[in-house]
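Engineer: Sequence plus predicted model, see below.
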Amino acid sequence: MPTILLVDDQPLFRENLAEALEDHGFDVLQAEGATEAMEHCRSNPPDLLLLDIALPEMTGLELLQGIHSRSGMRRIPALFLTAFPREEYLEESHRLGASDFLVKSDISLQDLLHRIERRLDPSMGAATSASSLARRSPEEEGDEPRRHLRPALRRWRPAAPRPSMTRLFSLCCKPEVSAGEILHLVQLDAEMGDLLISAATSGPFRTEPRLRTAEEALTRIGIEDALHLLLTRTIIDLAGRGIPPRGDLVRLWAHAIASGLWAERLATTSAFPSPMSAFLAGLCSELPSVFSILALEEDYAEFRAQAWEDGESIQRYLAEVFETTPAHLALECTKSLELPEVVWKAVVDLQSGHAPISLWEPGPASRILEGASLLGLGSNQVWNPCVSIRTISCEESRWWREPEGLVHERAGIEASLHRLLEWEGVLPELSGPTRAIPSGQERRFLYLASATVFQPDPVASLLEGLGAVQILTDPVALGGNDDDVVRLAAVEPGTPLWNRILEVPRRVILLHRKHLPPDARLGPHVSIPLPATVALLEASLRPRG
C-alpha cells in the first residue's frame, strides 16, 4: 500500500482529503507543518509528498528542499496542492523537481487521484502520454489556457502603490488605529490630507465652513470613517485609475463598498486580524469584475449583452472570456496591488469556493465575504443584470449572525454607505439611485417568504428597486383576480408550505435552492432555482394573467 505524506495547515481540508485518499487504497500520513512532516519522513519515509505552499513554519517549497536534501529522499516525487497559484511559486516548484503544481479550485478528486497514480508509476505516464495529448483536460494543460489572459493584462495596469498606501493597508490589519498614525500618513502623502479636508466639508458636513488642516478634518470625521474613506479611494485609484463614466463600474464600486461595510460588521478574530481588514477584503472582493471590465475595454458591452442573453453570472462569464478561473483572475488582480496577505488570500478563497468541485473547503474569511456580498445586494442597488442573487435562509444567516442582529445592523450599514457615497472624491460620477434594469412603469409584487428565509433578503431588496412590494405570510393571499400583480414565493420543494402554494390557482414564481423532485407537477407555477441572475428573474417578473 503506497504511503502519501499530506502536509496542509487547514485541518478540515486535510482530514477530508486524507479520508478520501484512504478510501482509494492509500496509507496517508498527515502533518500540519514542517516539523511534523520531517518527523514522519525520518520515521516512515513516504512514497509521495502532497504539499501545500502556505505553511506556518516555512513554505512548502522550503520544506520540499529540506526533504530532498536528506540522504535517500531525493527521488521522492512531490505534488503541490495550493489555493494560491502565484507564478513565482510555480517556477520555483519546477526548479525543485516537483512533478505537478495543482490548484485546489481547479482540480477534482478524480483528477488528483490520476496524477498521484502517474507519479507512483512513471511507466503509466509514459504509456499513456501519446494518447492523452489529444484529450487533455484544463487541469492537465497547466498554465496553457491562462496565456489568453496576458494580452489583457498588458492593456490593464494598476497604478503603482505609493509607500503611504502600503502603510495604510498595514494599518487596517491592526486591532486599533490611533489618530496619530493617520496624521503620520497624511504627512507622507499630501493627497490623503486633501481628501480628508475635502470630505469634512462635503456630504454630511456640507454646511460647515471649509477646514484648513487634516487634523481638524480627522476630528470632525472620526477615525473609523476616515479609514473607510482613505481605503475606498485608494483601492479605486489603484484598481481603476479613477472611475470612467460607465454605469456598471460606478454601481459595482458602490456594491463593493457595501460588501466591505458588511464584512467589517461580520468579521471574527479567527478570520481577520481586525474589522478594518475585513472591510478592505470586502471592498476588494469585486476586483475581478473591475479588472475584467477595464481589461476588455470596448468589448465589454458585447460580452455583457451575451451574458445577459444567456442568463449567466457576469463574474463567471468574464473569467471564461479569459479562459481562466474566477480564482486565478482574482489572484492576478490582488497581487498586483500589494495588498496584505490576509486580504488577497480571502478574496482568492472566495472566488475558489465558487467552483463546484469536491476538493475545495472555503475558509472562514471567504465565508464572511460571501455573506457580506449577499447582504450588500440588499443594502445597495444591484449593479448589473448579470449578477447572481438568491435568498438567505435563517439557518445560513446564523453562520454570520442571528437574523435579528442582521436586521438591526442593516440600518447602520446603509447609513455608513450613503455617507461614504455622498463624500466628495469617493465616486464622483454616482448621481442618485440607479437600477440594473430599466423598470418602465412601476410594478406591483406580492412576495411570500417562508419563516425559514431571512428578511429582508436580497430578492426582496431587488423587487423594491423595481416597484411596490407587499410581503405576505399566508399563501392564500397569493390568490385574487388582479392580473397586473406579479406573485413570487421563496419556498423549498417538499415542505408543507410548498404543497399549499401549489393549490393556489394563480401563476406563482417559485424561488428555491433545493432541486425539484422528478415527479414534480407545478401546473401554472414557474420554478426558478437559486442562485439566479437578475436578468433571469426579470424574464419571469412580467405580469401575466
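Structural biologist: Yep, it's here. Quick caveat, the model's predicted, so the values are computed rather than measured.

Engineer: Going by C-alpha atoms from here, please, whenever you check contacts or count neighbours.
Structural biologist: Noted.

Engineer: The spatially most central residue of the chain - nearest residue in space that isn't next to it in sequence?
Structural biologist: Central residue of the chain (C-alpha atoms, centre = their mean): Leu350, 3.8 Å from the mean position. What sits nearest to Leu350 in space, not counting adjacent residues and going by C-alpha to C-alpha, 6 or more residues apart in numbering, is Ser366, at 4.5 Å.

Engineer: and the helix or strand harbouring that neighbour, what other elements does it pack with?
Structural biologist: If you go by DSSP states H and E, Ser366 is part of helix 364-379. Judged by 3 or more C-alpha pairs under 8 Å, 6 or more residues apart in numbering; DSSP states H and E, the packing partners of helix 364-379 are helix 247-266, helix 275-284, helix 341-352, helix 403-422, helix 458-466.

Engineer: Present these as JSON lines; the columns should include distance to Pro475 and mean pLDDT.
Structural biologist: Below are the helices and strands packed on helix 364-379 laid out as JSON lines (distance: least, C-alpha to C-alpha, whole Å; pLDDT from 0 to 100):
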{"stretch": "helix 247-266", "distance to Pro475": "32", "mean pLDDT": "90"}
{"stretch": "helix 275-284", "distance to Pro475": "37", "mean pLDDT": "96"}
{"stretch": "helix 341-352", "distance to Pro475": "36", "mean pLDDT": "86"}
{"stretch": "helix 403-422", "distance to Pro475": "23", "mean pLDDT": "89"}
{"stretch": "helix 458-466", "distance to Pro475": "17", "mean pLDDT": "86"}
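
Engineer: so of those, which one's packed in deepest?
Structural biologist: Stretch with highest mean neighbour count among the helices and strands packed on helix 364-379: helix 275-284 (a mean of 30; mean count of other C-alpha atoms under 10 Å).

Engineer: Can you name the residues in contact with it?
Structural biologist: Residues from elsewhere that reach helix 275-284 (C-alpha atoms under 8 Å, 6 or more residues apart in numbering): 172-173, 175, 228, 231-232, 235, 256-265, 267-268, 272, 334, 343-344, 346-347, 369, 372-373.

Engineer: In the chain, what helix or strand scores lowest on average pLDDT?
Structural biologist: Here the helix or strand of the chain ranked lowest by mean pLDDT, DSSP states H and E is helix 122-132, holding a mean of 37.

Engineer: Spell out the secondary structure type for Ser527.
Structural biologist: On the three-state scheme (DSSP: H, G, I helix; E, B strand; the rest coil), Ser527 is labelled strand.

Engineer: so what's it bridging to?
Structural biologist: Beta-bridge partners recorded for Ser527 (DSSP bridges): Leu510.

Engineer: Leu50 too?
Structural biologist: Leu50 has these beta-bridge partners by DSSP bridges: Leu6, Leu79.

Engineer: mind listing what it touches?
Structural biologist: 4-7, 78-81.

Engineer: Could you do Leu350 as well?
Structural biologist: When contacts are counted by C-alpha under 8 Å, 6+ apart, Leu350 touches 285, 327, 362, 366-367, 369-370.

Engineer: try Ala226
Structural biologist: By C-alpha under 8 Å, 6+ apart, the neighbours of Ala226 are 196, 218.

Engineer: what about Arg74, distance to Arg95?
Structural biologist: 13 Å (C-alpha to C-alpha, to the nearest Å).

Engineer: of the two, who's got more company?
Structural biologist: Remark: of Arg74 and Arg95, Arg74 carries more neighbours, 14 against 9, as counted by other C-alpha atoms under 10 Å.

Engineer: pretty sure that one contacts Gly66?
Structural biologist: No. When contacts are counted by C-alpha atoms under 8 Å, Arg74 is not listed as touching Gly66 (9.7 Å).

Engineer: quick one: low-confidence parts of the stretch 101-250 of the chain?
Structural biologist: 105-106, 122-159, 203-211, 241-246 (pLDDT under 70).

Engineer: go on, the stretch 301-450 of the chain?
Structural biologist: 353-361, 381, 428-441.

Engineer: Try it again at 50.
Structural biologist: Scanning the stretch 301-450 of the chain for pLDDT under 50 picks out 357-358, 431-432.

Engineer: What segments of the protein are strands?
Structural biologist: All strands of the chain, identified by DSSP state E, fall at 3-7, 27-31, 48-51, 78-82, 100-103, 388-389, 443-449, 467-472, 485-490, 509-512, 526-529, 532-533.

Engineer: need the contact list for Glu215.
Structural biologist: Counting by C-alpha under 8 Å, 6+ apart, Glu215 makes contact with Leu183.

Engineer: Next, work out how far apart it and Val28 are.
Structural biologist: Distance from Glu215 to Val28, by C-alpha to C-alpha: 59 Å.

Engineer: residues in contact with the residue nearest to Leu350?
Structural biologist: So Ser366 contacts 346-347, 349-350, 353 (C-alpha under 8 Å, 6+ apart).

Engineer: How much space separates it from Glu402?
Structural biologist: 19 Å.

Engineer: Next: Glu320.
Structural biologist: Glu320 is 37 Å from Glu402, by C-alpha to C-alpha.

Engineer: just Thr325 next, same as before
Structural biologist: Going from Thr325 to Glu402 by C-alpha to C-alpha gives 33 Å.

Engineer: what's the first-to-last distance across stretch 176-193?
Structural biologist: 20 Å.

Engineer: who's in contact with that stretch?
Structural biologist: Residues contacting stretch 176-193 (C-alpha under 8 Å, 6+ apart): 164, 167-168, 171, 213-215, 218, 223, 230, 274.

Engineer: If we use 10 Å, what do you get?
Structural biologist: Under the criterion C-alpha atoms under 10 Å, 6 or more residues apart in numbering, residues 162-165, 167-168, 171, 194-199, 213-215, 217-219, 222-224, 226-227, 229-230, 233-234, 274-276 lie in contact with stretch 176-193.

Engineer: Now the buried members of those.
Structural biologist: Neighbour counting over those (16 or more other C-alpha atoms under 10 Å) leaves 164-165, 168, 171, 194-199, 214-215, 217-218, 226-227, 229-230, 233-234, 274-276 as the buried ones.

Engineer: Those residues in helices, which ones?
Structural biologist: Cross-referencing the buried ones among the contacts of stretch 176-193 against helices under DSSP state H gives 164-165, 168, 171, 194-199, 214-215, 217-218, 226-227, 229-230, 233-234, 275-276.

Engineer: Tell me how many other residues crowd Thr495.
Structural biologist: Thr495: 9 neighbours (other C-alpha under 10 Å).

Engineer: Just read off the phi/psi values of it.
Structural biologist: For Thr495, the backbone dihedrals are phi -90, psi 160 (criterion: degrees, to the nearest 10).

Engineer: separation between it and Ala451?
Structural biologist: Per C-alpha to C-alpha, Thr495 is found 12 Å from Ala451.

Engineer: same thing with Trp399?
Structural biologist: Taken as C-alpha to C-alpha, the span from Trp399 to Ala451 is 17 Å.

Engineer: and stretch 532-541, how far out from the chain's middle?
Structural biologist: Centroid displacement of stretch 532-541 relative to its chain, using C-alpha atoms, centre = their mean, to the nearest Å, is 22 Å.

Engineer: now the contacts of Leu50 as a markdown table including neighbour count and distance to Val407?
Structural biologist: What follows is the contacts of Leu50, written out as a markdown table (neighbours: other C-alpha atoms under 10 Å; distance: C-alpha to C-alpha, whole Å):
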| residue | neighbour count | distance to Val407 |
| --- | --- | --- |
| Ile4 | 22 | 48 |
| Leu5 | 23 | 47 |
| Leu6 | 26 | 43 |
| Val7 | 25 | 42 |
| Ala78 | 24 | 49 |
| Leu79 | 23 | 46 |
| Phe80 | 26 | 43 |
| Leu81 | 23 | 40 |
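
Engineer: about what we covered before: against Phe13, how distant is the residue nearest to Leu350?
Structural biologist: Using C-alpha to C-alpha, which is the criterion applied here, Ser366 is 14 Å from Phe13.

Engineer: Then Pro493?
Structural biologist: 31 Å.
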